[in-house]
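Asker: structure of the sequence below:
(2 chains)
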There are 2 protein chains.
Amino acid sequence: MVEMQEHKPGSATVAPDMVWDAWGVPAGHQPLSPQIRGLLAQVFGISGEPVARRAAAEVPLRPSTLTATDRAGLAALVGDEHLSTDDLVRLRHAGGKSTPDLLRRRADGPQDAPDAVAFPADHAQVLALLRYCAEHAVAVVPFGGGTSVVGGVDPVRGQFGTVLAIDLRRLDTLTEVDPIAGTATLGGGLTGPRAEQLLAGHGLSLGHFPQSFEFASIGGFAATRSSGQASAGYGRFDDMVQRLTVATPQGPMHLGRAPASAAGPDLRELFVGSEGTLGIITAVTVRVHPVPETTAYQAWSFPDFATGATALRSVVQAGAAPTVLRLSDEAETGLNLARSGDVGGAPVAGCLAITTYEGTAAHVAARAAEAAALLTAAGGTALGETAAQQWEHGRFAAPYLRDALLDVGVLCETLETATTWSNLANLKTKVTGALMDALSAQGTPGLVMCHISHTYPTGASLYFTVVAKQLDDPLGQWALAKRAAGDAIIAAGGTITHHHAVGADHRPWMSAEVGELGVRVLRAVKRELDPAGVLNPGKLVP
Amino acid sequence: MVEMQEHKPGSATVAPDMVWDAWGVPAGHQPLSPQIRGLLAQVFGISGEPVARRAAAEVPLRPSTLTATDRAGLAALVGDEHLSTDDLVRLRHAGGKSTPDLLRRRADGPQDAPDAVAFPADHAQVLALLRYCAEHAVAVVPFGGGTSVVGGVDPVRGQFGTVLAIDLRRLDTLTEVDPIAGTATLGGGLTGPRAEQLLAGHGLSLGHFPQSFEFASIGGFAATRSSGQASAGYGRFDDMVQRLTVATPQGPMHLGRAPASAAGPDLRELFVGSEGTLGIITAVTVRVHPVPETTAYQAWSFPDFATGATALRSVVQAGAAPTVLRLSDEAETGLNLARSGDVGGAPVAGCLAITTYEGTAAHVAARAAEAAALLTAAGGTALGETAAQQWEHGRFAAPYLRDALLDVGVLCETLETATTWSNLANLKTKVTGALMDALSAQGTPGLVMCHISHTYPTGASLYFTVVAKQLDDPLGQWALAKRAAGDAIIAAGGTITHHHAVGADHRPWMSAEVGELGVRVLRAVKRELDPAGVLNPGKLVP
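Answerer: Numbers count the residues shown, from 1 in each chain, chains lettered A, B, ... in the order given. Okay, the predicted model is just below:
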């Protein structure tokens, strides 16, 4: 039933800048397939051609407010050639890649951007930049891959007149490998593919594959509590973090002396998830593992989502989780959204689940057999490996599809949460209902699809994809749906974000998430480390 | 090779107070065996009879400073019968159970103790007590099982004239069970056996078995980042924590909305390990699992510690860890210290390792086969199940043996640390050397034994047991050895404590552990939550 395949390491290159008004690189963008266009015509009555977008050079950019004094002061720290006020450079650092971000960039009118972008060479230069900015009242936005979908890298000035983006791409080295401990120290600016490429040179792998993998950075993974598609096997990124080096305006921090400790609160857990508001993570020592000997693929079908969720739960609670474990609901399965090449093709019944197993041949065989027995006992039907391989092949493609949909007037966005297994169905129902109602009330009923992509012994994530016809004001249209979904998540006991982070977009729900006293604790920590308040204004901390 | 046995749940009763000047309950105390006495005579020239100890009523206790006003104010919150200034009650709350604690209590002269002990009924009463104490300048020591071995419950007054111990034993309920999610909400004052007993009523188990299990409390496990003997299978206590309810002088906190979240820093990780300095943990929602269908036992022998450590590493890094996984070094194996009934018996060569496997029969069989193959390949010889069962049978007995040793003039204490697999041998050598040198320099060469009892993909713990002949000033004698060991741990890159916590005893090393800026962060959080500074003075935060 489970077949073995050789492990195929990805082709890794240093990622270039992403397109300023869309996801990824130009080569990733494809026109919509006839199948999808047919579906859009049928469901939404949309049959238009893609709208042409502005060239970057045509965008009226807010002029840089960087003073000559600050320009000289900052350039002295990183070198003149590593401090840019060039409009195209600024535009490429104008924010992240949420649907509202892209809609704003595609709209007419002026575009905001950081007033300058610094490209420090190392931890010491990041420290020096933060000290300068704190002393000279310059706001700072740390910038890794720029993949935030929650407004986490918006060029917000707060109370300051100038905002500097600190782009960490030059912190791109693998500085230490410990093959005995299975750890590696990675520069905060390394992209996912480049990190894997460097590790592969030592026969090692990190195994962190979020949808942003191709562009996002190691420091960003830590700063946002990223979770990758292989989290069932290798854990969330926060599980992988062993040691952190953080630059703050008050000096450096080096955290994590041992694999585990009882020496008080775990301060790493304050900086993991701090989203650039407490400091900039310049290096992360992560847990790694040998490049897997083998990978096995197995897709499953369940008659319905509830049966599938119970099956996933049985595997995870038995301590027999695969490396990848995900389940699409009926809507997502029906549209083949789990397999990007087949979206809009012939509808599929039931709920598709994907499993993969990585490791030594013996480990893969033992784990796959144990999981297969449990999934079968819970009502699953093995489908073979093809659908699982198709999922893996297309797993980074969805953001490109979103761009093509936005271009033809379709609103497409995602949001995510997590809760206990016992509350999962309730949360799914409430969030789906809130999204449907909010869109229908505006006269644009939508499709809401959902999958489980991260599992834990006590619960799982829910990842929603929403598609509807755009109104004339798609930003306002989505804002109403997003607000309704966030309120529903909190009311139904979910977390406001499982792996997208807080940024600017989820900040309104932070008090509900951690309580007023929790917010006070965050503010107290921020006051201590960033008394000037220059670090990433408007993000995370209400 | 691996045999199955039925699971035997422990006989759980509500634990009584521990003996005021020793570990545990009277029934646990046994005279030294002839074997051990022979060994002591041979190695240390010690052949004396046990010294008689003072009766509690004979101890000159420092008079209570509680004012009539405060007595009335506090009694109004919990009821007069739940606020005690009785000398015996105060004496039983006079501190923890480190060897220095016991030596101090057995010495002549006056004994310090909290000025009063409150027994609140619930979270609301704890909140009210903390508000009162903050407003009226009364220091507070949270008291769970009183098992601290790092001075964590010493009745320190700090800048205040009065100290109140808050004994949490009445917070002893199982308030919520979620069998689908596999979670349970336990009162902070529940002891280990009582928690297991209540969970067993629902077919569930927590699986947290530190050496303090019989007396320590759920809140204490969380507040000290406890780690149990089954940590390889069920994780450390901090891994088990899903939600926390904390009472602080500034109000209540409810943390942990989901099994995993990206909503900023994980504030649970500030309170887990906070040792009563930021608040009092009144309830913990923990991950639980079904009472195991079966338990398999298998002991192993390795030719030396390095070979055994490498074998343990191979199992953990393959994701094939047993439920219990431990390795004694040559010295500990030779003295049979892993099997309390045989201590001092015929010496055993090599290094003994213990494995147990819990779960369904299928899971146990699969995991045991995978681990056995790896351990055998790494040079292990399977010894059968007897030694592993003997270890389990005696696993809570060592603190009683320490009392018997102290009574005949033997100094006996433990300390622990953790580091990466690659640094493990170096750390072991350095700490062993520091202890041996510090004792020999005082003319009392000691025995230093060590075991690995907690393993992680990237490293492991080291647990040292030290035995020597007592000098006239055993407190000063041990202080020199402890200081040397702590300095050696930090110099060799270990953590100052893997699972005993910081308390008063490890506070001198906290700046080295988390850095000066880390200490500033801890102080900032404490200022926010405990501006009066009444919570557990002199502990954790330098």
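
Asker: for the helix or strand harbouring residue A:238, packing partners?
Answerer: The secondary structure element spanning residue A:238 is helix A:237-240 (assigned by DSSP states H and E). Other elements packing on helix A:237-240 under the criterion 3 or more C-beta pairs under 8 Å, 6 or more residues apart in numbering or on different chains; DSSP states H and E are helix A:218-223, strand A:280-287. (Each C-beta comes from the backbone N, C-alpha and C, glycine too.)

Asker: only the C-alpha atoms, please, for that helix, written as CSV.
Answerer: Below are the C-alpha coordinates for helix A:237-240, written out as CSV (Å, rounded to 0.1, in the frame of the first residue of the first chain):
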residue,chain,number,x,y,z
PHE,A,237,9.4,26.2,13.8
ASP,A,238,9.2,27.2,17.5
ASP,A,239,9.8,23.5,18.3
MET,A,240,12.9,23.6,16.2
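
Asker: residues near residue A:33, how many?
Answerer: 16 (other C-beta atoms under 10 Å in any protein chain shown).

Asker: actually residue A:191, not the one I typed
Answerer: Neighbour count for residue A:191, taken as other C-beta under 10 Å: 25.

Asker: ramachandran angles for it?
Answerer: phi -80, psi 170 (degrees, to the nearest 10).

Asker: so how far is residue A:217 from it?
Answerer: Going from residue A:191 to residue A:217 by C-beta to C-beta, to the nearest Å gives 6 Å.

Asker: name the residues contacting each of the two.
Answerer: Common contacts of residue A:191 and residue A:217 (C-beta atoms under 8 Å, 6 or more residues apart in numbering or on different chains): residue A:145.

Asker: contact partners of the helix holding residue A:238?
Answerer: A:206, A:208, A:221-222, A:225-228, A:234, A:269, A:272-273, A:286-287, B:266.

Asker: next secondary structure after that helix?
Answerer: Using DSSP H and E, the helix or strand that directly follows helix A:237-240 along the chain is strand A:241-248.

Asker: so which elements touch that next one?
Answerer: On a contact count with 3+ C-beta pairs under 8 Å, 6+ apart, strand A:241-248 meets helix A:123-136, strand A:251-255, helix A:268-271, strand A:280-287.

Asker: what angle do it and helix A:123-136 make?
Answerer: Taking axes from the mean of the first three to the mean of the last three C-alpha atoms, to 10 degrees, one finds strand A:241-248 and helix A:123-136 inclined to each other by 40 degrees.

Asker: who does strand A:241-248 pair up with?
Answerer: Strands adjacent to strand A:241-248 in the sheet, as given by DSSP bridges, are strand A:251-255 (antiparallel), strand A:280-287 (antiparallel).

Asker: what score does residue A:338 have for pLDDT?
Answerer: We note a pLDDT of 63 for residue A:338 in this prediction.

Asker: same deal with the one 5 residues further on?
Answerer: Residue A:343 carries a pLDDT score of 69 in this model.

Asker: so where is chain A shaky, pLDDT-wise?
Answerer: Flagging of chain A using pLDDT under 70 yields the residue ranges A:1-15, A:338-345.

Asker: related to what we said a few turns ago, columns distance to residue A:238 and mean neighbour count on top of the helices and strands packed on strand A:241-248, output as TSV?
Answerer: Listed next are those as TSV, based on distance: least, C-beta to C-beta, whole Å; neighbours: other C-beta atoms under 10 Å in any protein chain shown:
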stretch	distance to residue A:238	mean neighbour count
helix A:123-136	21	20
strand A:251-255	13	19
helix A:268-271	7	25
strand A:280-287	11	26
